[in-house]
Every structure is written in structure tokens, then in C-alpha cells.
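**Student:** one predicted model, sequence on top.
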Amino acid sequence: MQTKRWLFYVLGGLVVGIFYAWFNDYNNPTVLGIKVKTILMTASSILAFLLCYFERGKAVIIALQISAGVALAVILRIIWDLTFVDETMHNLAPFEIGLAFGLSFITSLIGGLVGSFVRPKNTNA
């Protein structure tokens, strides 16, 4: 089970990315009145905090895995839109992916570092 944890981290990022990329309209980037970038950054940060606090993982690795899941969700949305909606929608697709990855990575790194610093040290040594 230890070797498959990275898959759950990426899936967690995929869930965060689904809320960022799939539940909004491009003309109105809000969900329930909240900007989707705020949702992305807050959810990435909280997920990384919890994973670093309870799983005792490395913050940079966890931030990369969460961000990879977010980027995967954006890529799947782009593929969906290009295939089934409109072929001319995503002219700036690399920038969309980079923006989602960058925002998620920065905030999940911050959340992961905070989670690593506030967790109690193991005193059973």
C-alpha cells in the first residue's frame, strides 16, 4: 500500500481540478458566487496541509502530485471541449494548463509546508 500512495495524491488533485475546470462556464468563472481560482487555491492548500500533517509526506512531492492531478483535470476538459463542443475554444491551452498547475503548486506547497511544520514530532524514538 505504501508504494501506491502517490496515486491517491494525484486523484485528490484530480478532484480539486474537476471543481476548477469542469463546474464553471468560461464566460462566468464562478461557482456559487466564488471565483474558481479561489476554490482551486484553497482546496489545493487544504489537501496538501492534511496530507503533510497526517501522512508525513514531503511537501514538495505532495505539491507536485496534487498539481499533476489538477493539470490532468484541465487537460481532460480541454480534450472534451475540443472533441465535443467547439474545436476553436482552447487556442491558449498550454497557458491554461500552466496557470492551473502553477496556482495549484504554489498554494499546495504553502499548505504542505505549514502542515509539515505544525505536526507534532514523533517522541517514540
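**Tutor:** Alright, I've got the coordinates.
**Student:** residues touching the closest residue in space to Val15 that isn't next to it in sequence, list them.
**Tutor:** Once flanking residues are discounted, Val15 sits nearest to Gly69: 7.5 Å by C-beta to C-beta, 6 or more residues apart in numbering. From N, CA and C alone the C-beta is placed, and that goes for glycine too. Contacts here follow C-beta atoms under 8 Å, 6 or more residues apart in numbering; on that basis Gly69 touches 9-17.
**Student:** can you pull the pLDDT of Gly69?
**Tutor:** The score at Gly69 is 92. That number is its pLDDT.
**Student:** offset the numbering so it begins at 8, please.
**Tutor:** All set: I'll call the first residue 8, so the last point we hit is now Gly76.
**Student:** tell me where the model's unsure across the chain.
**Tutor:** Residue ranges of the chain with pLDDT under 70: 8-10, 31-35, 129-132.
**Student:** returning to what we had before: give me the element the residue nearest to Val22 is part of.
**Tutor:** Secondary structure from DSSP states H and E places Gly76 in helix 66-87.
**Student:** need the next SSE after that helix, C-terminal direction.
**Tutor:** Criterion used, DSSP H and E; the element after helix 66-87 is helix 100-125.
**Student:** so which elements touch that next one?
**Tutor:** When contacts are defined as 3 or more C-beta pairs under 8 Å, 6 or more residues apart in numbering; DSSP states H and E, helix 100-125 sits against helix 12-28, helix 43-61, helix 66-87.
**Student:** before we move on, back to that, need the contacts of Gly76 in TSV (columns: neighbour count and distance to Leu83).
**Tutor:** Converted to TSV, the contacts of Gly76 look like this (neighbours: other C-beta atoms under 10 Å; distance: C-beta to C-beta, whole Å):
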residue	neighbour count	distance to Leu83
Tyr16	23	18
Val17	18	13
Leu18	14	13
Gly19	22	16
Gly20	30	12
Leu21	17	9
Val22	15	12
Val23	28	13
Gly24	28	8
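**Student:** can you put those in TSV and add distance to Val92?
**Tutor:** What follows is the contacts of Gly76, written out as TSV (distance: C-beta to C-beta, whole Å):
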residue	distance to Val92
Tyr16	30
Val17	26
Leu18	25
Gly19	27
Gly20	24
Leu21	21
Val22	22
Val23	23
Gly24	18
